[in-house]
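Peer 1: Predicted model and sequence below, questions to follow.
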Amino acid sequence: MPFIKGNSSFTRQKDVDWLYLGGGMEELLQAILVYVISNKTKVVQLIPFRCLVGAIPQEKRPDDSFIILKKAADNSCQPWWVQFKDDLIRKSENQWGTLGGANTVNYFKLFAPWIEKKRGCPPHLIVDLGCGLGQTARSLAHAYPSAKVVGLDASQEAIDVARTKFHMQNLRFEVADFSDTLPFESGSVDLVVSVNALGFATNQLKMANEVYNLLAPDGLFLNLCRTQDSHTFWDFPAGLLRPTEYQLDHRNWALIAARHGFDILFAQYPWDFNGSFFIPGKLQSFTNCCKALDIGAGPGKDYRSWTPHALIVSARNLQNPTLTQPQRSYLGHIQEVIKALETETQIQGLTVLAWLFTWTSLKLMPEALDFMCACLPDRQSALRTVFAEQNRASFAEWMLTAYNVDPDNPQ
């Protein structure tokens, strides 16, 4: 498959069949070369694809082989922090965004309403997990001067910047590996906040247990990240074919929270609904569509799986918690997520736009439609409506009229 990188775990598996959809002969030959070298094999059998008949089984069969895919645990910001460490120290905080990196935003304004709403008294110990350059931790220390605020991050470079830029008596920054036990007593932390960081933990279940073990009985946990459902829905069909490129599965965290006596509420977060988190790149047209449809919502609204970033609010005795049980199978869950296209008229237009952009970016040819319908038989109607060749002209006309966007030239 041309959209799988050469160092992907797929190319290092033995006795694994590939389904090559679209792309050119050069990409196919490169993928085969990597596979041959990685597996020290001399024979590769190529079978031309014509069609698929019937649905692909949704449950594992006794004779099926399987592949274990591990999520990447490398922070994508780290190379940028290393490269621009001196510039970040030299420049003022409001100039950091000009250096071209991500996660230079202070998220205190997002967290503050929830802290005031869910905390009965001011927190005494606050921990920012994955504090990055430290702006949010700094603002928390300023808002709660009687509290001790600790910013933790695995990046020495980010911590160096934070220590240099922010000096307060109740604030400190430390380097910490999320795979290790965190340096706090059980039940001692009143507030844990995190932004786009917990997904990099090498052991998600251990990390979740660690967070809830640290929280005080009346503690509050606030986490902003891109969840599995948002990736599955908005990055479709890449969400189907790149199943590990989200930050965390919120269902697993909800189940761990329940074991510790905590509830979880998922809230929408509209600020990050833009092309920066969309696979083809920073598409101004996509951003304009988001603003035109105005589908964002503030704290207090129910979580929707198609919001690229979700704020996870966790505490005891939450009203109307949204604990979601995992589906029996990955494909089964994808079908439930995609169902939103058929039931939520508010997002249908933007969904079509996003899916066609992603389709184009993957260089998928028409035969991929049959493959997706075979994988997701209960959603054939929606898939064929969006991707069928005979319907593309009408959608192209609709998009050009509504948003001045060319679906065949998304960049």
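Peer 2: The structure has been received and is ready for your questions. These numbers come from a predicted model, not from an experiment.
Peer 1: What mean pLDDT does stretch 77-85 get?
Peer 2: Mean pLDDT, stretch 77-85: 91.
Peer 1: Just the helices from the stretch 51-200 of the chain, written as ranges.
Peer 2: 78-90, 108-118, 135-143, 156-165 (DSSP state H, counting those that start in this stretch).
Peer 1: could these be laid out in CSV, adding distance to residue 240 and mean neighbour count?
Peer 2: Heads up, the C-betas are built off the backbone N, CA and C, glycines and all. Compiled in CSV, the helices of the stretch 51-200 of the chain are given as follows (distance: least, C-beta to C-beta, whole Å; neighbours: other C-beta atoms under 10 Å):
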stretch, distance to residue 240, mean neighbour count
helix 78-90, 29, 16
helix 108-118, 30, 17
helix 135-143, 34, 22
helix 156-165, 34, 20
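Peer 1: and those, which one is worst for confidence?
Peer 2: Out of the helices of the stretch 51-200 of the chain, helix 108-118 stands lowest, with a mean of 89 (criterion: mean pLDDT).
Peer 1: What lies in contact with it?
Peer 2: By C-beta atoms under 8 Å, 6 or more residues apart in numbering, the residues outside helix 108-118 that reach it are 123, 135-136, 139-140, 143, 191, 193, 220, 222, 224, 267, 269, 271, 299, 311, 313, 315, 318.
Peer 1: can we see that at 10 Å?
Peer 2: 122-123, 126, 128, 135-140, 142-144, 190-191, 193, 195, 218-224, 265, 267, 269, 271, 298-300, 309, 311, 313-318 (C-beta atoms under 10 Å, 6 or more residues apart in numbering).
Peer 1: Pull out the buried residues from those residues.
Peer 2: Buried positions within these, assessed by neighbour count (16 or more other C-beta atoms under 10 Å), are 123, 126, 128, 135-140, 143-144, 190-191, 193, 195, 219-224, 265, 267, 269, 299, 309, 311, 313-315, 318.
Peer 1: quick one: residue 358 and residue 235 touch, right?
Peer 2: Yes - applying C-beta atoms under 10 Å as the test, residue 358 and residue 235 come out as touching, 5.9 Å apart.
Peer 1: More neighbours: which of those two?
Peer 2: Each of residue 358 and residue 235 has its neighbours counted (other C-beta atoms under 10 Å); residue 235 has more, 25 against 21.
Peer 1: Was I right to think that one contacts residue 351?
Peer 2: No - here residue 235 lies out of contact with residue 351, judged by C-beta under 10 Å, at a distance of 11.5 Å.
Peer 1: Quick one: neighbours of residue 29, just the number.
Peer 2: 10.
Peer 1: Find the helix or strand that it is a member of.
Peer 2: Following DSSP states H and E, one finds residue 29 within helix 25-39.
Peer 1: Let me know the next secondary structure element after the helix or strand of the chain with the lowest mean pLDDT.
Peer 2: Within the chain, confidence by mean pLDDT, DSSP states H and E is lowest for helix 284-293 among all helices and strands, at a mean of 53. Where DSSP H and E defines the elements, the next helix or strand beyond helix 284-293 is strand 310-315.
Peer 1: and that following strand, what does it pack onto?
Peer 2: helix 108-118, strand 189-195, strand 215-225, helix 228-234, helix 250-259, strand 263-268 (3 or more C-beta pairs under 10 Å, 6 or more residues apart in numbering; DSSP states H and E).
Peer 1: Surely residue 156 is in contact with residue 177?
Peer 2: No - Residue 156 is not in contact with residue 177 according to C-beta under 10 Å; the separation is 11.1 Å.
Peer 1: just checking, residue 371 touches residue 56?
Peer 2: Yes - Residue 371 is in contact with residue 56 according to C-beta under 10 Å; the separation is 8.4 Å.
Peer 1: Of those two, give the one with the bigger neighbour count.
Peer 2: residue 371 (19 against 13).
Peer 1: in what helix or strand does that one lie?
Peer 2: Here residue 371 sits within helix 367-375, counting by DSSP H and E.
Peer 1: ok, residue 45 - how many residues close by?
Peer 2: 5.
Peer 1: where does it fall, helix, sheet strand or coil?
Peer 2: Following DSSP: H, G, I helix; E, B strand; the rest coil, the label given to residue 45 is coil.
Peer 1: give the contact list for residue 375.
Peer 2: Contacts of residue 375 (C-beta under 10 Å, 6+ apart): 52, 55-56, 58, 237, 240-241, 330-331, 334-335, 383.
Peer 1: quick one: which of these is nearest residue 341?
Peer 2: If you rank those by distance to residue 341 using C-beta to C-beta, residue 383 comes first, at 9.2 Å.
Peer 1: quick one, the helix or strand harbouring that closest one and helix 367-375 angle?
Peer 2: Assigned by DSSP H and E, residue 383 belongs to helix 380-387. If you take axes from the mean of the first three to the mean of the last three C-alpha atoms, to 10 degrees, helix 380-387 sits at 160 degrees to helix 367-375.
Peer 1: Show me what helix 380-387 is packed up against.
Peer 2: Using 3+ C-beta pairs under 10 Å, 6+ apart: helix 380-387 touches helix 330-343, helix 348-361, helix 367-375, helix 389-403.
Peer 1: Thanks a lot, see you next time.
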